[in-house]
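Visitor: Structure, please.
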Amino acid sequence: MEQPESGDLEAQRDRLMDGLRAFGANYTEFTHRFATWLGLHSTDAAALTEILYAEDTGTPLSPARLSERVSLSSGATAILLNRLEQAGHIVRTRENTDRRVVTLRSSPDIRPRAIEFFGPYSTRMTAEMSRYTPAELRQFEDFIGKLRGTMNSLLANEYRPPGPSGGNSRNGGSSPSGANSP
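Guide: Numbers count the residues shown, from 1 in each chain. Predicted coordinates for the structure are as follows:
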C-alpha cells in the first residue's frame, strides 16, 4: 500500500475532519427539520430523537440520562419532558423494581411519524453502508469509536463549563483554533 506524503496526509486529515463536521451539521439539520415537521422546538425534537434511538437500541433512557444526552439541567429537562408528555409524544413509565426510577418511552402515536420522517434517511444510509465489506465497516467503527472516545475525554477533562469550580485553565481562554483571543 502506497503511503501518502506528509502534505497529502495532512490534507487528507483535513478533508476527513471537514467531512465529519459536515455530517454532524447535516444530522443537526435533520433534527431541526424533524422539529419543524412535528411543530416542536428543536431541543424538544432532539430529546424525542434521543428517546426513540434509545428505545431502538434496547436501552431506554431515564430523565437523568436524557439530561446528559441533550446537555440540559435536570430542571430544564423536566420542563421539556412535561411539554413532550402534554403533546402526547412520550410517556413516563416505572418499569424498574425500584419504583422511583422513571423510564422514558415514545408514545404509540409518535413512532409511526418518526419512521415516516426518518425512513428515507435510514434507507439511504443503509444502502450507502452496504457498499462496504464487513471488514471495512469494522475499521470505520473502530475509527469512529476512537474519535468519539477522544471527544468524550476532551469534554470530560478539558472543556469544562466555566463556573465556581473553575473554568478551563488548560484552555487558557484561547479560541477554538488555538489562537489567543484579543
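Visitor: Val101: which element?
Guide: Secondary structure assignment for Val101, by DSSP states H and E: no helix or strand.
Visitor: quick one, what contacts it?
Guide: Ser62, Arg94, Glu95 (CB atoms under 8 Å, 6 or more residues apart in numbering). (Each C-beta comes from the backbone N, C-alpha and C, glycine too.)
Visitor: which residues are in contact with stretch 131-150?
Guide: Against stretch 131-150 from outside (CB under 8 Å, 6+ apart): Leu20, Met129.
Visitor: rerun that using 7 Å as the cut-off
Guide: Met129 (CB atoms under 7 Å, 6 or more residues apart in numbering).
Visitor: so how far is it off the chain centroid?
Guide: Centroid displacement of stretch 131-150 relative to its chain, using CA atoms, centre = their mean, to the nearest Å, is 17 Å.
Visitor: picking that back up, most neighbours among the contacts of Val101, please name it.
Guide: Ser62 (15 neighbours; other CB atoms under 10 Å).
Visitor: May I ask which helix or strand encompasses Ala156?
Guide: helix 134-157.
Visitor: Could I get the full set of helices for this protein?
Guide: Ranges of helices in the chain, per DSSP state H, are 6-38, 42-56, 63-70, 74-86, 110-129, 134-157.
Visitor: Does anything pack onto the first one? Which helices or strands?
Guide: It refers to helix 6-38. helix 42-56, helix 110-129 (3 or more CB pairs under 7 Å, 6 or more residues apart in numbering; DSSP states H and E).
Visitor: and among those helices, the most buried is which?
Guide: Highest mean neighbour count among those (mean count of other CB atoms under 10 Å): helix 42-56, with a mean of 20.
Visitor: who's in contact with that one?
Guide: Outside helix 42-56, the residues that touch it by CB under 7 Å, 6+ apart are 31-32, 34-35, 38, 60-61, 66, 69-70, 80, 83-84, 89-90, 104-106, 114.
Visitor: Drop anything exposed from those residues.
Guide: Buried by 16 or more other CB atoms under 10 Å: 31, 34-35, 38, 60-61, 66, 69-70, 80, 84, 89-90, 104-106, 114, out of the contacts of helix 42-56.
Visitor: Leu104 and Pro60 touch, don't they?
Guide: Yes - between Leu104 and Pro60 there is a contact under CB atoms under 7 Å: 6.2 Å.
Visitor: Now for the most centrally placed residue in the chain: which residues touch it?
Guide: Centrality entry for the chain: nearest residue to the mean C-alpha point is Arg69, 7.0 Å, by CA atoms, centre = their mean. Arg69 sits next to Glu50, Leu61 when contact means CB under 7 Å, 6+ apart.
Visitor: Arg105 now?
Guide: For Arg105, the contact set (CB under 7 Å, 6+ apart) comprises Glu55, Pro60, Ile90, Val91, Thr93.
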